[in-house]
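Peer 1: Sequence first, predicted coordinates after that:
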Amino acid sequence: MKIHNFSAGPSILPESTIKNSADAVLNFAGTGLSLLEVSHRGKEFVAVMDEALALFKELLDIPAGYEVVFVGGGASTQFCMVPYNLMQKKAAYLNTGTWANKALKEAKGFGEVVEVASSKDSIYNHIPKGYEIPSDADYFHITTNNTIYGTEIKTDLDVNVPLVADMSSDIFSRPVDVSKYTLIYGGAQKNLAPAGVTFAIVKTDALGKVDRHIPTMLDYRTHIDAGSMFNTPPVFPIYSALQTLKWLKEMGGVSAMEKINIEKAAVLYDEIDRNRLFKAPVVNVEDRSLMNICFIMNDEYKELEKEFFDFASSRGMSGIKGHRSVGGFRASTYNAMPKSSIQALVDCMKEFEAKH
Ligand SMILES: *Cc1c(COP(=O)(O)O)cnc(C)c1O
């Protein structure tokens, strides 16, 4: 039976990424050695790093004045790296979910944090709008895709202060106007690579403006100056990221990917809206995530939740359980998810409806 991988993260990767990564573990770049046992400073891996950084910049059309770094520590380490490097006195945060809230809490150790708006009281079922950002904030932090709650900011905001975004779960899902951001970061394990590597896209002239001492490893300049080779980089996930970036380019890049993602998400949202057993917890259609599609049982069918989960699992649907803080279901439909898997889930929902 075909298993359809709807996991929220780590999550589905292109077949070529898995295959090429497996091959390199056995024999890396014709060296007769494994990718896992060679120096990161050897010419073969240096070539991987150079190509990955170049392709990353090319695919996101990153303008001059920005640098890309690959580091360890996950997006969660970025929650402190961002204020370490950018907050002099005050920062503004939009609280749209668990990750946004964690980022906000972490920043509180560095100065005054203003929560400009929050959807916490309504279990993060929408993206707040119409808030005001204090003009003296050093930056404004957003989480573009709320992986757990299935909401997404799908446009690049125009704001009055430097914009910082956690794009862990929607990077490379659409074109991004990088010039509108001062910093974009994310863990790679949702849409790019296996866990272990974190990316940051940094506007270089925003650095060096805070008075505090920044520990070497937490200073973006360390990694920019060393080409992400200050210490041993996570070689395996970087190799895999390169394979995904090559696949993305072959697929037509982020514009083509956005078109496919819109089509894919529509198939599932249309079924959620049509099917009398299910509904979407996200209240505004424009806030619906294209990457993490949440759905719950309609009130009168609540007791069928476990039965649907078992039914869907028996049909090969893997990873569709909603996050423990929300319940219900979540189908993550990252770039590598084929339309056929989404159709298989929709067929499952239709069949289950017919049974009830
Ligand atoms: C998964 C996720 C994180 C946490 O990433 P780690 O790499 O595990 O620290 C942060 N933000 C968002 C939006 C996520 O989806």
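Peer 2: Received, thanks.
Peer 1: can you give me the strands for the stretch 151-300 of the chain?
Peer 2: 151-152, 163-166, 183-187, 198-203, 278-279, 292-297 (DSSP state E, counting those that start in this stretch).
Peer 1: and the stretch 101-250 of the chain, which of its residues are near the ligand?
Peer 2: Counting by C-beta under 6 Å from any ligand atom, the stretch 101-250 of the chain comes close to the ligand at 143, 147, 166, 168-169, 187, 190. Yep, even glycine has a C-beta here, placed from its N, CA and C like the rest.
Peer 1: Quick check on those: which are buried?
Peer 2: Taking 16 or more other C-beta atoms under 10 Å as the criterion, what is buried in these is 143, 147, 166, 168-169, 187, 190.
Peer 1: could those go into JSON lines alongside pLDDT?
Peer 2: Conversion of those to JSON lines gives the following (pLDDT from 0 to 100):
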{"residue": "Thr143", "pLDDT": "98"}
{"residue": "Thr147", "pLDDT": "98"}
{"residue": "Asp166", "pLDDT": "98"}
{"residue": "Ser168", "pLDDT": "98"}
{"residue": "Ser169", "pLDDT": "98"}
{"residue": "Gly187", "pLDDT": "98"}
{"residue": "Lys190", "pLDDT": "97"}
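Peer 1: quick one: which of the residues you listed is nearest His213?
Peer 2: The shortest gap between His213 and any of these belongs to Asp166, at 24.8 Å (C-beta to C-beta).
Peer 1: Does Ala29 belong to a helix, a strand or coil?
Peer 2: Secondary structure assignment for Ala29 (DSSP: H, G, I helix; E, B strand; the rest coil): coil.
Peer 1: wait, what's in contact with it?
Peer 2: 44, 47-48 (C-beta atoms under 8 Å, 6 or more residues apart in numbering).
Peer 1: How much space separates it from Met297?
Peer 2: Distance from Ala29 to Met297, counting by C-beta to C-beta, to the nearest Å: 50 Å.
Peer 1: same deal with Glu15?
Peer 2: From Glu15 over to Met297 the distance is 33 Å, taken as C-beta to C-beta.
Peer 1: How about residues contacting stretch 199-219?
Peer 2: Here stretch 199-219 has contacts from 56, 60, 62, 65-71, 77-78, 80-81, 84-88, 110, 162, 171, 178, 181-186, 188, 192, 220-224, 230-231, using C-beta under 8 Å, 6+ apart.
Peer 1: which one of the contacts of Ala29 is nearest the ligand?
Peer 2: For those, the residue nearest the ligand by C-beta to the nearest ligand atom is Val48; the value is 21.2 Å.
Peer 1: Measure how buried the closest one is and give me the count.
Peer 2: Around Val48 there are 23 other residues, counting by other C-beta atoms under 10 Å.
Peer 1: With Ser118 instead?
Peer 2: That count, for Ser118 with other C-beta under 10 Å as the rule, works out to 18.
Peer 1: I'd assumed Tyr93 was in contact with it.
Peer 2: No. Ser118 lies out of contact with Tyr93 (C-beta atoms under 8 Å); the separation is 9.0 Å.
Peer 1: that older thread, helices - which of the contacts of stretch 199-219 land there?
Peer 2: Among those, the members falling in helices (DSSP state H) are 56, 77-78, 80-81, 84-86, 220-224.
Peer 1: Ranking by neighbours, what's the top pick from the residues you listed?
Peer 2: Gln78 (28 neighbours).
Peer 1: Need the nearest residue in space to that residue, chain neighbours excluded.
Peer 2: Leaving aside its sequence neighbours, Gln78 sits nearest to Tyr185 (C-beta to C-beta, 6 or more residues apart in numbering; 4.3 Å).
Peer 1: Next, count neighbours for that neighbour.
Peer 2: Number of residues near Tyr185 (other C-beta under 10 Å) recorded here: 26.
Peer 1: Now do it against Val48, distance only.
Peer 2: Tyr185 is 21 Å from Val48, by C-beta to C-beta.
Peer 1: if we can go back for a sec, neighbour count: Glu15 and Met297, which is higher?
Peer 2: Neighbour count, other C-beta under 10 Å: between Glu15 and Met297, Met297 has more, with 19 against 11.
Peer 1: which non-adjacent residue is nearest that one?
Peer 2: Using C-beta to C-beta, 6+ apart, the closest residue to Met297 is Glu305 (5.1 Å).
Peer 1: Point me to the helix or strand that includes the one you found.
Peer 2: Element membership of Glu305, judged by DSSP states H and E, is helix 305-314.
Peer 1: which outside residues touch that helix?
Peer 2: Contacts of helix 305-314 (C-beta under 8 Å, 6+ apart): 277, 296-297, 320-321, 327-329, 345, 348-349, 351-352.
Peer 1: Out of the buried ones among the residues of the stretch 101-250 of the chain next to the ligand, which sit inside helices?
Peer 2: Using DSSP H, no member of those falls in helices.
Peer 1: can the residues you listed go into CSV with extra columns for distance to Lys105?
Peer 2: Below are those laid out as CSV (distance: C-beta to C-beta, whole Å):
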residue, distance to Lys105
Thr143, 13
Thr147, 17
Asp166, 13
Ser168, 17
Ser169, 19
Gly187, 18
Lys190, 21
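Peer 1: out of these, who's nearest Thr198?
Peer 2: Of all those, Thr198 sits closest to Gly187, with 5.3 Å by C-beta to C-beta.
Peer 1: and the nearest residue to that closest one once chain neighbours are set aside, how many residues sit next to it?
Peer 2: Excluding its sequence neighbours, the residue lying closest to Gly187 (C-beta to C-beta, 6+ apart) is Ala75, at 4.1 Å. When neighbours are counted by other C-beta under 10 Å, Ala75 registers 24.
Peer 1: Brilliant, that's me finished.
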